[in-house]
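Asks: Model the following, please.
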Amino acid sequence: MNALIRWSTAVALLASTGLAAAQEQHQHHQHQEHAHHAGHADPRTESERAHIPPPPPQRVMGDMSEEEMAEMMDMDDTEPYGLLLFEQFEWRDTDEGDALAWEGRAFYGNDYDKALLKTEGERLDSEYDGSVELLWDRVFSRWWSVQAGVAHDFGEGPSRTWAAFGVQGLAPYWFEVEALMYVGEQGRTAASFSAEYEMFLTQRLILQPKFEVDLYGKDDIANGIRSGLSDAELGLRLRYEIRRELAPYVGVMWSRKFGETADLVREHGGDAEEVQFVAGVRAWF
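Replies: As a prediction, the model looks like this:
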């Protein structure tokens, strides 16, 4: 009996000793693991650590047509909407003095058809010189639309009214291009071409070069225009978007008259070439 008691006591003592050693080894392993993780930063970002994944979908959607998908997601590209954009509203330092210039457009319609109103011009010493165009814009491919309508030029000389038609779209390498032809009274014709590009230096700071050129098919001496290549303009504007809808900017603009149009300007004591500094704001509503 005594031997049995001594044997049971020895077994219990051995078991308790092994359990204590196992517990000590586990604590030591936890300490090593904690030290290992403490020496390495969590590779996840703060937003990733705070992200809580959404619950899985409650039911699987079946196959549906594009029309059914558009209707379910309330996507209607025929729904009319409008926009008013002042691309340029700026002060210009011209050779003749300070000038106020503008370039803007407004449209109303859907993704395929819209009425488009465009205007641009300059005010100097209480005199206005500019144009207004009312066009119908129709998309004919993914990146391009055709335009047709009426244009009216006004200024110091006689006003001119034109039938206008052309194209507007996005050329390769993300150049925004616009080319229009004009047909007026007494056999007058004209053409204009413009191209611009937006370089995103940051998400808010944008450098925008723009090139414009005008040509005329017939002399219009009363408005200081000769046939052929009349004038060209190259602008470079740097804007900061406080919001997408509001962006002040500064820039520089080079303009030049060509051919006999330049000769007319010189005959009246003007310069055929000019560099202007500009400052303004771009806004849309």
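
Asks: and stretch 160-176, C-alpha only, in CSV?
Replies: Extracted in CSV, the C-alpha atoms of stretch 160-176 (Å, rounded to 0.1, in the frame of the first residue of the first chain):
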residue,chain,number,x,y,z
ARG,A,160,-21.7,89.9,-90.2
THR,A,161,-24.0,86.9,-90.1
TRP,A,162,-22.9,83.5,-91.2
ALA,A,163,-24.3,80.0,-91.7
ALA,A,164,-21.9,77.7,-89.7
PHE,A,165,-21.1,74.0,-89.8
GLY,A,166,-18.2,71.8,-88.7
VAL,A,167,-17.0,69.2,-86.2
GLN,A,168,-15.8,69.1,-82.7
GLY,A,169,-14.2,66.2,-80.8
LEU,A,170,-11.3,64.5,-79.1
ALA,A,171,-8.3,63.8,-81.3
PRO,A,172,-5.6,61.2,-80.6
TYR,A,173,-3.4,62.1,-77.5
TRP,A,174,-6.4,63.8,-75.9
PHE,A,175,-6.3,67.0,-78.0
GLU,A,176,-9.7,68.8,-78.0
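
Asks: Give me the average confidence score over stretch 197-205.
Replies: Stretch 197-205 carries an average pLDDT of 96.

Asks: roughly how far out does stretch 85-103 sit from the chain middle?
Replies: The chain centre lies 21 Å from the centre of stretch 85-103; the measure is Cα atoms, centre = their mean, to the nearest Å.

Asks: what about that stretch, start to end distance?
Replies: The first and last residues of stretch 85-103 sit 9 Å apart, counting by Cα to Cα, to the nearest Å.

Asks: same question, stretch 116-131
Replies: Start-to-end, stretch 116-131 (Cα to Cα) is 14 Å.

Asks: and if you look at stretch 107-126?
Replies: End-to-end distance for stretch 107-126, by Cα to Cα: 29 Å.

Asks: List of residues touching that stretch?
Replies: Stretch 107-126 is contacted by residues 77-83, 88, 92, 94, 96-106, 128-139, 147, 149, 154 when judged by Cβ atoms under 8 Å, 6 or more residues apart in numbering. Bear in mind the C-beta positions are built from the backbone N, C-alpha and C, glycine included.

Asks: And stretch 79-87, by the same measure?
Replies: Residues contacting stretch 79-87 (Cβ under 8 Å, 6+ apart): 102-110, 281-285.

Asks: Then stretch 151-169?
Replies: Here stretch 151-169 makes contact (Cβ under 8 Å, 6+ apart) with 121, 127-135, 137, 141, 143-150, 176-185, 188, 190, 220, 222-224.

Asks: Name the spans of the stretch 101-250 of the chain whose pLDDT lies under the cut-off.
Replies: Scanning the stretch 101-250 of the chain for pLDDT under 70 picks out no residues.

Asks: Narrow the contacts of stretch 107-126 to those in strands?
Replies: Residues of the contacts of stretch 107-126 located in strands (DSSP state E): 81-83, 88, 92, 94, 97-106, 128-139, 147, 149, 154.

Asks: Just the buried ones from those residues, in ChimeraX syntax?
Replies: Buried residues among the ones in strands among the contacts of stretch 107-126 (16 or more other Cβ atoms under 10 Å), as a ChimeraX selection:
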select :88,92,94,99,101,102,103,104,105,106,129,130,131,133,135,137,139,147,149
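
Asks: Quick check: end-to-end length of stretch 135-144?
Replies: Start and end residues of stretch 135-144 are separated by 15 Å (Cα to Cα).

Asks: One more: stretch 109-128?
Replies: 30 Å.

Asks: buried ones in it?
Replies: Residues of stretch 109-128 classed as buried: 109, 114, 116, 118-122 (neighbour count, 16+ other Cβ under 10 Å).

Asks: Those into JSON lines, with extra columns for secondary structure?
Replies: Output for the buried residues of stretch 109-128, formatted as JSON lines (DSSP: H, G, I helix; E, B strand; the rest coil):
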{"residue": "Gly109", "secondary structure": "strand"}
{"residue": "Lys114", "secondary structure": "strand"}
{"residue": "Leu116", "secondary structure": "strand"}
{"residue": "Lys118", "secondary structure": "strand"}
{"residue": "Thr119", "secondary structure": "strand"}
{"residue": "Glu120", "secondary structure": "strand"}
{"residue": "Gly121", "secondary structure": "strand"}
{"residue": "Glu122", "secondary structure": "strand"}
